[in-house]
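Participant: Would you be able to build a 3D model of this:
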Amino acid sequence: MTSTPEAMSPVSRTALYAALVRAREGDRPEPLFTDPYAARFAEAAGMPTEAPAEGPRSELGARLAVHVMLRTRFYDDRLLAAGADQVVLLAAGLDTRAYRLDWPAGTRLWELDLPPVMAFKEQVLDAAGAAPTCGRAVLPGDLLDPAWPRRLVEAGFDPQWPTAWLAEGLLVYLSAEQAAGLLTAVGSLSAPGSRLLMERGRDVSRTPQDPALAQVTELWQGGLGPDTDQWLNAHGWEARTTALTEVGETYGRPLPEGASRTSGFIEAVRTASR
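Facilitator: Numbers count the residues shown, from 1 in each chain. Got it, this is the predicted structure:
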């Protein structure tokens with residue numbers, strides 16, 4: 001199956017903007033990370049990879065770019081620190097962690113996302129001659145389809161073993177009901193000690209209006225909102241939130257004065273048996 005960006009859903013196409021941010025981060029003198037394939041995705045989609053000349057910038061756009069850069073490095077570090085032999089990337093999009101991170105020997109990684117985005121991704125990676133650094137399996141499909149957990153197990157996933165799950169930039173595009181259903185399915189597949197990484201929920205009704213970013217922000221439904229960590233704590237997880245400001249300070253990228261103190265990332269550890 002071949003695919004172009006035009007064949008992707010509007011939500012899937014937002015992965016191209018994230019890839020563009022990662023590509024530009026890699027061009028900085030001291031990047032937080034390097035994604036050697038991010039620019040290839042942008043180029044294949046006809047997007048300019050060079051950072052624009054200095055000039056008027058969208059405040060919301062700048063904030064979202066910082067968020068993507070910091071979350072990429074934060075999730076990189078937390079996934080490797082999880083020490084899990086099984087890693088599952090939910091709505092993997094154009095994530096290339098299977099190729100750019102130094103995974104321990106024996107790591108198995110599954111990527112789940114809609115067929116058009118995965119087909120586009122495979123085309124670009126194959127053309128680049130990319131080789132994964134772990135055991136990688138691609139599982140095209142819809143996470144709103146209740147059959148995805150069964151298909152994951154059929155693809156070799158073992159729910160008896162602890163797993164590192166990543167839901168990067170995902171829940172904000174789901175309704176509260178959809179988000180709860182997805183996380184319930186994840187919990188049913190998670191042995192004690194499994195870890196789940198995701199963004200802290202937000203109240204999307206308070207998102208600033210920015211016509212340049214409407215193609216992204218108008219897709220936001222909010223997921224479980226600001227109470228995401230509380231939902232996890234009530235459903236067999238122990239959730240810890242790290243504020244975006246703390247992440248920025250840790251990586252030497254302090255946020256400007258007045259930056260949101262509510263944004264951040266959740267790392268939840270599975271405490272309950274399924």
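Participant: What segments of the stretch 51-200 of the chain are helices?
Facilitator: 59-82, 97-100, 115-127, 148-154, 176-188 (DSSP state H, counting those that start in this stretch).
Participant: what packs against the third one?
Facilitator: Translated: helix 115-127. For helix 115-127, the elements it packs on are helix 10-26, helix 38-44, strand 135-140, judged by 3 or more Cβ pairs under 8 Å, 6 or more residues apart in numbering; DSSP states H and E. Placement of C-beta: from N, CA and C, glycine included.
Participant: out of those, which comes closest to residue 205?
Facilitator: Nearest to residue 205, of all the helices and strands packed on helix 115-127, is helix 10-26, at 18.9 Å by Cβ to Cβ.
Participant: Low-confidence ranges, the stretch 101-250 of the chain, go.
Facilitator: For the stretch 101-250 of the chain, applying pLDDT under 70 flags no range at all.
Participant: quick revisit: distance to residue 241 and mean neighbour count for the helices and strands packed on helix 115-127 - can I get that in JSON lines?
Facilitator: Formatted as JSON lines, the helices and strands packed on helix 115-127 follow (distance: least, Cβ to Cβ, whole Å; neighbours: other Cβ atoms under 10 Å):
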{"stretch": "helix 10-26", "distance to residue 241": "21", "mean neighbour count": "21"}
{"stretch": "helix 38-44", "distance to residue 241": "27", "mean neighbour count": "21"}
{"stretch": "strand 135-140", "distance to residue 241": "29", "mean neighbour count": "17"}
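Participant: Read off the pLDDT value for residue 4.
Facilitator: With respect to pLDDT, residue 4 scores 76.
Participant: if we can go back for a sec, most packed of the helices of the stretch 51-200 of the chain?
Facilitator: Mean neighbour count (mean count of other Cβ atoms under 10 Å) peaks for helix 97-100 among the helices of the stretch 51-200 of the chain, with a mean of 21.
Participant: Let me know the secondary structure of residue 230.
Facilitator: Here residue 230 is helix, with the state taken from DSSP: H, G, I helix; E, B strand; the rest coil.
Participant: Would you mind measuring from it to residue 186?
Facilitator: According to Cβ to Cβ, to the nearest Å, residue 230 and residue 186 sit 17 Å apart.
Participant: what's the residue most central in space within the chain in contact with, if anything?
Facilitator: Nearest to the geometric centre of the chain sits residue 168, at 2.1 Å (Cα atoms, centre = their mean). Residue 168 sits next to 71, 75, 89, 91, 93, 95, 197, 198, 199 when contact means Cβ atoms under 8 Å, 6 or more residues apart in numbering.
Participant: roughly how far apart are the residue nearest to the fourth one when sequence neighbours are not counted and residue 121?
Facilitator: The reference is to residue 91. The shortest distance from residue 91 to any non-neighbouring residue, by Cβ to Cβ, 6 or more residues apart in numbering, is to residue 170 (4.5 Å). Using Cβ to Cβ, one gets 16 Å for the distance from residue 170 to residue 121.
Participant: same thing with residue 246?
Facilitator: According to Cβ to Cβ, residue 246 and residue 121 sit 32 Å apart.
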